[in-house]
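Peer 1: Structure here, sequence nowhere to be found:
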């Protein structure tokens with residue numbers, strides 16, 4: 001980014017924190033995109049915004065307008081399907097992370113894959129860990145063992161690095177919020 005754009009980006013990040021503090025550390029995804037609407041953000045920049053908010057203990061919620069067509073690749077529940085007031089947050093949770101949701105640039109699995117970025121997954125996990133008692137976590141979704149050995153070794157190395165990164169992320173968050 002040019003220096004002026006970087007300064008503008010940094011100022012908008014600070015502005016997001018001010019807005020979030022007024023809203024009990026919660027922002028809607030649309031508030032973030034509206035604030036940065038004049039900057040034509042890349043996916044990586046959006047991930048860095050979400051990571052910045054996570055580091056500052058700001059939760060983000062993705063909401064949709066009734067007029068919008070739902071994205072067929074996203075599971076969207078109508079608000080009347082969930083009575084948020086009835087959710088018992090005192091019940092501990094078990095987290096199962098299936099790497100199939102991640103983009104192929106991050107992980108190679110033996111199933112069809114999604115397009116989620118690692119920063120998005122870590123952000124969502126951070127929200128859960130900060131707000132819930134976590135009983136346990138598993139990570140699944142490995143590469144196909146029936147592929148030629150050179151490809152298998154390459155994919156296994158990529159997945160091993162991801163497993164280490166997720167493990168370190170989870171351990172750090174669990175030590176901070178749960179353990």
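Peer 2: Good, I have the coordinates. Worth saying up front: this structure is predicted, and the values here are computed from it rather than measured.

Peer 1: For the residue most central in space within the chain, identify the helix or strand it belongs to.
Peer 2: By Cα atoms, centre = their mean, the mean C-alpha position of the chain lies nearest to residue 120, the distance being 2.1 Å. If you go by DSSP states H and E, residue 120 is part of helix 118-131.

Peer 1: List of residues touching that helix?
Peer 2: Defining contact as Cβ atoms under 8 Å, 6 or more residues apart in numbering, one finds that helix 118-131 is touched by 47-48, 50-51, 53-54, 57, 59-60, 89, 93, 95, 97, 101-102, 106, 134, 162, 165-166, 169-170, 173-174, 177-178. Heads up, the C-betas are built off the backbone N, CA and C, glycines and all.

Peer 1: Can you say which of these are buried?
Peer 2: Buried residues within the contacts of helix 118-131, counting neighbours by 16 or more other Cβ atoms under 10 Å: 47, 50-51, 53-54, 59-60, 95, 97, 101-102, 106, 134, 162, 166, 169-170, 173, 177.

Peer 1: can you give me the strands for the chain?
Peer 2: Secondary structure of the chain by DSSP state E: the strands cover 26-28, 59-61, 93-98, 134-140.

Peer 1: any chance of these in a markdown table, with distance to residue 16 and mean pLDDT too?
Peer 2: What follows is the strands of the chain, written out as a markdown table (distance: least, Cβ to Cβ, whole Å; pLDDT from 0 to 100):
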| stretch | distance to residue 16 | mean pLDDT |
| --- | --- | --- |
| strand 26-28 | 7 | 82 |
| strand 59-61 | 10 | 77 |
| strand 93-98 | 27 | 93 |
| strand 134-140 | 27 | 92 |
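
Peer 1: Same list (those) but as CSV, adding distance to residue 146.
Peer 2: Shown next, in CSV, are the strands of the chain (distance: least, Cβ to Cβ, whole Å):
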stretch, distance to residue 146
strand 26-28, 44
strand 59-61, 39
strand 93-98, 20
strand 134-140, 18
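
Peer 1: in stretch 35-53, what's buried?
Peer 2: Result for stretch 35-53 [16+ other Cβ under 10 Å]: buried residues 35, 36, 41, 46, 47, 49, 50, 51, 52, 53.

Peer 1: any idea how far it is from the chain center?
Peer 2: Centre-to-centre, stretch 35-53 and its host chain are 13 Å apart (Cα atoms, centre = their mean, to the nearest Å).

Peer 1: Ok, stretch 4-19 next?
Peer 2: Worked out by Cα atoms, centre = their mean, stretch 4-19 lies 21 Å from the chain centre.
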